[in-house]
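S.K.: need a structure here:
(one chain, ligands or ions: 2)
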Amino acid sequence: MRVGASARARATAETIYAVATARGRAGVSVTRVSGPNALEALRLARAMETSSPSSTASTSRANDVDGRLRYRAFVDPNARAGEPPLDVGFVATWRAPRSFTGEDVVEFHGHGSVATQRALLDALGTIDGFRHAEAGEFARRAFLNGKMDLTAAEGLADLLDAETEAQRRQAMRLTANGTQRAMYERWRDELMTCAAHCEAVIDFGEEEDVSGDVVERDVLTRATALRETLRKHLDAPARGEMIRRGVRVAIVGAPNVGKSSMLNALAGRDAAIVSPRAGTTRDVLEISLELNGYKVIVSDTAGIRETDDDVEKMGVARALERARDADVLVALADASSDASSDAARDALSTVDVTGKDVITVWNKSDVIDAARARELDARVDDITRRGGDARVVSARDGRGVDDFIATLARVVARKCERTSVEGDDDDALAVTRSRHRVNLTSCVAALERAARRAPVPLELRAEDFRLAARALARVTGSYDVEDVLDVVFRDFCVGK
Ligand SMILES: Nc1nc2c(ncn2[C@@H]2O[C@H](COP(=O)(O)OP(=O)(O)OP(=O)(O)O)[C@@H](O)[C@H]2O)c(=O)[nH]1
Ligand SMILES: [Mg+2]
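M.R.: Numbering: from 1, shown residues only. Ligands and ions are numbered 1, 2, ... in the order given. Purely as a prediction, here's the structure:
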């Protein structure tokens, strides 16, 4: 991995420490120390069978660097005689480069209380050249020391944030399997090969019994194939990003149709204010759910209608904006009357639904007569027959709500499940971050220039292949890393 020498030097000059587990009350708390002088921290670890503090450093430091847990008293080297130890627990030590960060690492596994954590941190702070770590600094060092690439680091951040099964699996694939990195590196190698072939023709011309034309044709064939793969990768529904951030569902419709009541039914609590007055909801209100193991963020929005009320107008604008950003629209209407929904339908027709799923729901089925019920059932059948999703429900008495939730869960799963794009591990193909999307897009742009049909000097083609390869290298962090490091590692907590 190519990383600027200055970055590496800066990363390894100091020894850092931090609590790696959650702060506060817990059975066990792990405090991690990493850096060139990390073994100095063993001064705080005293073997339980010896009572003489002076004997600790020399005996334990030589023998204890094998990653095994050893039972120790944690002591403050400056403590007065007769003081009890700071804590007792286990200490483990790893030597560079065979550690998480690639540096010397010492871990203290003590009791999880605020007081023991603070006492140990204070004692570590008295050691020369030691300082408290910043957020993400351990992971950053691991990256700088070549222990993981940026996609794995991002996967680690995702894993620490994972709330659902789908998020956990996706994060593990990134951080443990490295499948995404392998794919990007394979494509990058292919681009470098194209550049090299162009350059070979430039350097050796036609002498080496290779015809420039043949090489050029071969390179263009490879480039075109790769461009198609990349395009498919980019065009595939943003499944990876959706699993990571949660599928966005917006409940939209005319005022008073029961949008807030539906949100409350989904949440299983009174999250939103419900009232008989049209125009009750003004702001967007969000709740988080887990459906089929996927994270789902449901938004309740203001009822859409023409209005002179300035505040309501802002609410309507926000509702439409939310509809535009959503992955799934729940278009709610009043089963007892179609009239109020016309303005909402007109406004919503301006929202581009490409790539979105729309579930049409008629609410308030408890107040309709049998004829109307039959009419709505026929409309539901019609929509279903055309491959759409529709439901008739009553948020008031709960009729049909479970079926609606099942439909929503199915739609969410369909959006997040494997979409067969290419290759045998489709999940690796999901673009998980906009940072990747940006670089992949510039890769495709450069590749398109490199592989254009018009006669172009080979030098220019070679240069564009190199630019395309560089864009991919930025995703894994093997090129131009300095400017992206803060972006990638700022999401970590302290201690990681
Ligand atoms: N009969 C009946 N009334 C309902 C049902 N769902 C909601 N309501 C009533 O309809 C009224 C409006 O409900 P809300 O949930 O506030 O409707 P809304 O779409 O959020 O309204 P706005 O926020 O004003 O756009 C309230 O009086 C609810 O009690 C239902 O299934 N049946
Ligand atoms: Mg409302």
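
S.K.: The protein against ligand 2: which residues are in contact?
M.R.: Counting by CB under 5 Å from the ion, the residues of the chain lying close to ligand 2 are 259-260, 280-281. Where C-beta positions appear, they are placed from N, C-alpha and C, glycine not excepted.

S.K.: cutoff 6 Å now
M.R.: 259-260, 272, 280-281, 300 (CB under 6 Å from the ion).

S.K.: near ligand 1, which of the residues you listed show up?
M.R.: With CB under 6 Å from any ligand atom as the criterion, the residues of the chain next to ligand 2 include 259-260, 280-281 near ligand 1.

S.K.: Any chance of TSV for those residues, columns pLDDT, secondary structure and distance to Ala225?
M.R.: Shown next, in TSV, are those (pLDDT from 0 to 100; DSSP: H, G, I helix; E, B strand; the rest coil; distance: CB to CB, whole Å):
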residue	pLDDT	secondary structure	distance to Ala225
Lys259	96	helix	48
Ser260	97	helix	51
Thr280	94	coil	56
Thr281	95	coil	51
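
S.K.: So which of the residues you listed wins on neighbours?
M.R.: Highest neighbour count within these, by other CB atoms under 10 Å: Lys259, with 31 neighbours.

S.K.: export stretch 13-25 as CSV, just CAs?
M.R.: This file holds the C-alpha atoms of stretch 13-25, laid out as CSV (Å, rounded to 0.1, in the frame of the first residue of the first chain):
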residue,chain,number,x,y,z
ALA,A,13,5.8,9.0,16.4
GLU,A,14,3.6,8.9,19.5
THR,A,15,2.2,6.2,21.7
ILE,A,16,-1.6,6.6,22.1
TYR,A,17,-4.1,5.1,24.6
ALA,A,18,-7.8,5.0,25.0
VAL,A,19,-10.6,2.9,26.4
ALA,A,20,-11.7,0.6,23.5
THR,A,21,-14.9,-0.6,25.1
ALA,A,22,-17.9,1.5,25.9
ARG,A,23,-17.4,4.1,28.6
GLY,A,24,-19.1,3.6,31.9
ARG,A,25,-20.5,0.7,33.9
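
S.K.: low-scoring stretches of the stretch 351-496 of the chain, by residue?
M.R.: 418-429, 480-484, 486-487, 490-491 (pLDDT under 70).

S.K.: Quick one: residues contacting the closest residue to ligand 2 within it.
M.R.: Of all residues in the stretch 351-496 of the chain, the one sitting closest to ligand 2 is Ala395 (11.1 Å; CB to the ion). Applying CB atoms under 8 Å, 6 or more residues apart in numbering to Ala395 gives the contacts 258, 261-262, 264-265, 363-364, 401.

S.K.: Turn those into CSV, including distance to Gly178, neighbour count and secondary structure.
M.R.: Rendered in CSV, the data for the contacts of Ala395 read as follows (distance: CB to CB, whole Å; neighbours: other CB atoms under 10 Å; DSSP: H, G, I helix; E, B strand; the rest coil):
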residue, distance to Gly178, neighbour count, secondary structure
Gly258, 48, 25, coil
Ser261, 47, 23, helix
Met262, 42, 24, helix
Asn264, 43, 19, helix
Ala265, 42, 20, helix
Asn363, 48, 27, strand
Lys364, 52, 22, coil
Val401, 43, 20, helix
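
S.K.: Identify the farthest-apart pair in the residues you listed.
M.R.: Asn264 and Lys364 (14.5 Å; CB to CB).

S.K.: what about Arg98, distance to ligand 2?
M.R.: 58 Å (CB to the ion, to the nearest Å).

S.K.: for that residue, phi and psi?
M.R.: phi -90, psi 60 (degrees, to the nearest 10).

S.K.: One more: Pro85?
M.R.: phi -60, psi 160.

S.K.: Same check on Ala339?
M.R.: Torsion angles, degrees, to the nearest 10, at Ala339: phi -60, psi -50.

S.K.: For Arg345, see how far away it is.
M.R.: Distance, Ala339 to Arg345, by CB to CB, to the nearest Å: 11 Å.

S.K.: Would you mind giving both backbone torsions of Gly110?
M.R.: phi -110, psi -160.

S.K.: Mind telling me what element the nearest residue to Arg466 once chain neighbours are set aside is part of?
M.R.: Once flanking residues are discounted, Arg466 sits nearest to Ala195: 5.0 Å by CB to CB, 6 or more residues apart in numbering. Using DSSP states H and E, Ala195 sits within helix 179-204.

S.K.: So which other helices or strands are in contact with that helix?
M.R.: helix 150-161, helix 212-235, helix 434-450, helix 458-476 (3 or more CB pairs under 8 Å, 6 or more residues apart in numbering; DSSP states H and E).

S.K.: which SS class is Asp397?
M.R.: Three-state assignment for Asp397 (DSSP: H, G, I helix; E, B strand; the rest coil): coil.

S.K.: residues in contact with it?
M.R.: Asp366.

S.K.: Can you give me the distance of it to Ala271?
M.R.: 19 Å.

S.K.: Wasn't Val65 part of a strand?
M.R.: No - if the criterion is three-state DSSP, then Val65 is coil and not within a strand.

S.K.: show me the contacts for it.
M.R.: 39, 93-95, 104.

S.K.: In contact with Val257, which residues?
M.R.: Val257 makes contacts with 303, 332-334, 340-341, 363-364, as judged by CB under 8 Å, 6+ apart.

S.K.: Not counting its neighbours along the chain, what's nearest it?
M.R.: Closest residue in space to Val257, ignoring its immediate chain neighbours: Asp334 at 4.5 Å, by CB to CB, 6+ apart.

S.K.: quick one: pLDDT of the one you found?
M.R.: According to the prediction, Asp334 has pLDDT 94.

S.K.: and it, what are its bridge partners?
M.R.: Asn363 (DSSP bridges).

S.K.: do you know how far it is from ligand 1?
M.R.: According to CB to the nearest ligand atom, to the nearest Å, Asp334 and ligand 1 sit 8 Å apart.
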